[in-house]
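Novice: Build me a model from this:
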Amino acid sequence: MAPMSTPSSELTVAVIGCGRPLRTEGSTGFGMAHRHMAGYQQSGRCRLAAVADLSRENAEAFVKEHQPDAALFSDYREMMEQVRPDIVSVCLWPHLHAEVVCGAAPFKPRAIFCEKPMDIHWDGSLRMHETCREHGVILAINHQRRFNLPLAKAKALLDEGAIGALRRMEGAWHNLADSGTHALDMMFFFNRDEPAEWVLGQIDIRGSRKVFGALNAGHGISSFRFKNGVRAVYHFGPDSGDFGFLVRLSGESGEIEILPQSPWLRLRRTGSAAWETVDTGESIHDDKAIYRAIADLIQALDSGGRPLLDSENALRTTEIIFATHESSRRRARVDLPLPPGPCALLSMVESGELKLEN
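Specialist: The predicted model follows:
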C-alpha cells in the first residue's frame, strides 16, 4: 500500500500518452490525458511534473496548455527514473496498458491511474494488478461513471430500499470490451462489487471492429450470476438501443433504469404504471466524474485506503469480458475464477476459427 500523505501536500503527476484534445486537429480519441489533467488541476493538490509521448509535437502542445515547465520525454522509463512522480496517468491504447503499467510500477509511484479497459488479454490484466500490488502501488482503472450523479443516485435509491432487494440486472450497449466495460462495471457497482461465480456467453464476429486498436466482437450476449444470487444479462451490438435503457435494476418492489439519454435516471415502483424521473442535474457522460474519481484517488493516498476505482474492482468487470469470449470458444459455461491466459476472441481469430469480414 502506498504511504499516507498530508492532505495539504503537493502531489507530482506524470502523464504517459498525451494525445490531442477531443475533436481537435490530430485527435485520435477522446483526449483522455487532457481530461485527467483537468481533474488534477481541479483537485488543487497536483502539479504536472513530466509527460512521455512518442510524438514530440503532442507532448509540447500538452505541456504548453497545462504546465509549461513540465519535463518532456519520449521514453516513459527514463521519465520514471528521473522524475519519480507521485501519480502516473496512463492514457494509451489498450494493447499497451499491461506493458506500460508493469514497466512503471517498479519505479514505485504512489498511484497509477490507467484508462479502461485494463488490457486486451486477461493474463495482462491480472499482471497489471499483481505487479502494482507487489510494488505497493495503487492501481486505479478509469471506470469513472461510478462517480456520475445519475449512477450515484441510483445506487443510493437501491441502498435505501426504493425497489426492495436487488434480484436481476440487465444491460445493453454498443460493444463488450470498450463502452461495455462501463456498463458491466455499473452492474458490479450496484451489487456492491460482489464477485461473479460463472459466465455463459456467445459472440458473433460479424460486424466486429477495432476500438482504439482493440478488436470488439460485433454482437453478443453475456449471462452471469453473482455469488449473492443476483443474476445479470448484458446485450451488446448494433441493436442495443432496442432495449431503451443502459442498465435496468429489478428489485422485489420496483425497477430503476439508467438511460442512454436524458433524463438519464428513472424509477418505477411495483403497482405503478408510471415512471418517476429523477433529475440529478448531470448526464452519465459529464467529466465531473473524472474529477471526482481523481479526488477519491487522492483521498485514498491521504488515508492509506483504496479508491473506488481500485484495480481489484476493475478485475471483476474485466473477468466477465474475457470469460464471455472463453464461453463462446468452449460453447459452455465458464466457472470463475477464469485461469490466466490470452483473449479467447483474439486466439480464435488468429487460429482461423473465426474469420473477420474484409
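Novice: quick check: longest helix of this structure.
Specialist: Taking DSSP state H as the criterion, the chain has its longest helix at helix 311-330.
Novice: Which secondary structure elements does that helix sit against?
Specialist: On a contact count with 3 or more CB pairs under 8 Å, 6 or more residues apart in numbering; DSSP states H and E, helix 311-330 meets helix 122-134, strand 138-141, helix 179-190, strand 196-204, strand 219-226, strand 334-335, helix 344-351. All C-beta atoms are positioned from the backbone trio N, CA, C, and that covers glycine.
Novice: Can you list the buried residues in it?
Specialist: 311, 313-329 (16 or more other CB atoms under 10 Å).
Novice: cool, stretch 215-229 as well?
Specialist: In stretch 215-229, counting by 16+ other CB under 10 Å, buried: 215-226.
Novice: Could you do stretch 279-295 as well?
Specialist: Buried residues in stretch 279-295 (16+ other CB under 10 Å): 280, 282-284, 286, 288-295.
Novice: What is the nearest of those residues to residue 140?
Specialist: residue 293 (7.3 Å; CB to CB).
Novice: which stretch of helix or strand covers that closest one?
Specialist: helix 288-303 (DSSP states H and E).
Novice: which secondary structure elements does that helix contact?
Specialist: If contacts are counted by 3+ CB pairs under 8 Å, 6+ apart, helix 288-303 sits against helix 32-43, strand 111-114, strand 138-141.
Novice: domain assignment for the chain?
Specialist: 11-144+288-310, 146-284+317-348 (automatic domain parsing).
Novice: so where's this protein uncertain?
Specialist: Counting by pLDDT under 70, the ranges of the chain that qualify are 1-6, 8.
Novice: and the gap between the most centrally placed residue in it and residue 316?
Specialist: For the chain, the residue sitting closest to the mean C-alpha position, by CA atoms, centre = their mean, is residue 143 at 3.2 Å. Using CB to CB, to the nearest Å, residue 143 is found at 11 Å from residue 316.
Novice: Over to residue 193?
Specialist: Remark: distance between residue 193 and residue 316 (CB to CB) = 6 Å.
Novice: ok, back up a step: need the contact list for the spatially closest residue to the residue nearest to the centre of the chain that is not a sequence neighbour.
Specialist: Nearest non-adjacent residue to residue 143, counting by CB to CB, 6 or more residues apart in numbering: residue 185, 4.1 Å away. Applying CB atoms under 8 Å, 6 or more residues apart in numbering, we find residue 185 in contact with 143, 145-146, 313-314, 317.
Novice: out of the residues you listed, who's nearest residue 132?
Specialist: Residue 132 lies nearest to residue 314 out of the contacts of residue 185, by CB to CB, at 11.4 Å.
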